[in-house]
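**Student:** Could you work out the structure for the sequence below:
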Amino acid sequence: MINFVKRLIFPFLIIFLLSTSAFSLTDEDEQEIISVVSQQLQAFQDDDFEKAYSFASPIIKKIFPNPQVFGEMVVGQYQAVYRPKSVNIGNVSSRGGVPSLEVYLVDPDGEFVTAIYSMQQQNNGEWLINGCFLTQAKSSEI
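**Tutor:** Numbers count the residues shown, from 1 in each chain. Now for the predicted structure:
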């Protein structure tokens with residue numbers, strides 16, 4: 001009976017904890033998130049991988065230990081981010097309690113792409129990029 005109760009209550013506890021861990025972003029937070037992503041996109045345009053890397057969270061820096069490795073990954077796998085023909089910054093929202101920014105891009109081949117940037121706030125209050133997920137855009141209206 002105890003195991004049954006644990007299995008029944010545990011999922012509700014997880015949902016409760018996830019819902020209460022969400023926080024609201026201030027206007028300043030949202031502006032900083034947009035600024036960080038915009039600055040990284042500009043750094044890619046300038047082939048300044050060191051500056052682009054400076055906007056990556058510690059988790060990303062563990063995966064890609066230096067700006068050169070990070071730059072090679074971006075050039076090889078994120079052409080829409082590296083060399084977009086068009087950029088349109090969307091809204092900051094929360095996805096599963098994680099602050100995220102949608103950016104609508106046109107890649108070098110003319111394909112419409114949505115880049116979803118997951119953000120992470122550091123102990124000092126600074127916002128850094130904790131991941132970027134590319135999807136095909138829902139429409140060509142960016």
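**Student:** Within the helices and strands, which one has the residue nearest the centre of the chain?
**Tutor:** With distances taken as Cα atoms, centre = their mean, the residue of the chain nearest its centroid is Y117 (1.8 Å). Using DSSP states H and E, Y117 falls within strand 112-121.
**Student:** which residues does the closest residue to the residue nearest to the centre of the chain other than its chain neighbours contact?
**Tutor:** Closest residue in space to Y117, ignoring its immediate chain neighbours: L101 at 4.5 Å, by Cβ to Cβ, 6 or more residues apart in numbering. Heads up, the C-betas are built off the backbone N, CA and C, glycines and all. For L101, the contacting residues are 33-34, 37, 89-93, 116-117, 119, by Cβ atoms under 8 Å, 6 or more residues apart in numbering.
**Student:** State the pLDDT value of L101.
**Tutor:** Per-residue confidence (pLDDT) for L101: 98.
**Student:** in what helix or strand does it lie?
**Tutor:** L101 belongs to strand 98-106 when assigned by DSSP H and E.
**Student:** thinking again about what came up before, how far out from the middle of the chain is whatever helix or strand comes next after the strand holding Y117?
**Tutor:** Once strand 112-121 ends, the next helix or strand along the chain (criterion: DSSP H and E) is strand 127-136. Here strand 127-136 shows a centroid-to-chain-centroid distance of 3 Å under the convention Cα atoms, centre = their mean, to the nearest Å.
**Student:** And stretch 104-112, by the same measure?
**Tutor:** Here stretch 104-112 is found 18 Å from its chain centre; the criterion is Cα atoms, centre = their mean.
**Student:** what distance separates the start and the end of it?
**Tutor:** Counting by Cα to Cα, to the nearest Å, you get 7 Å between the two ends of stretch 104-112.
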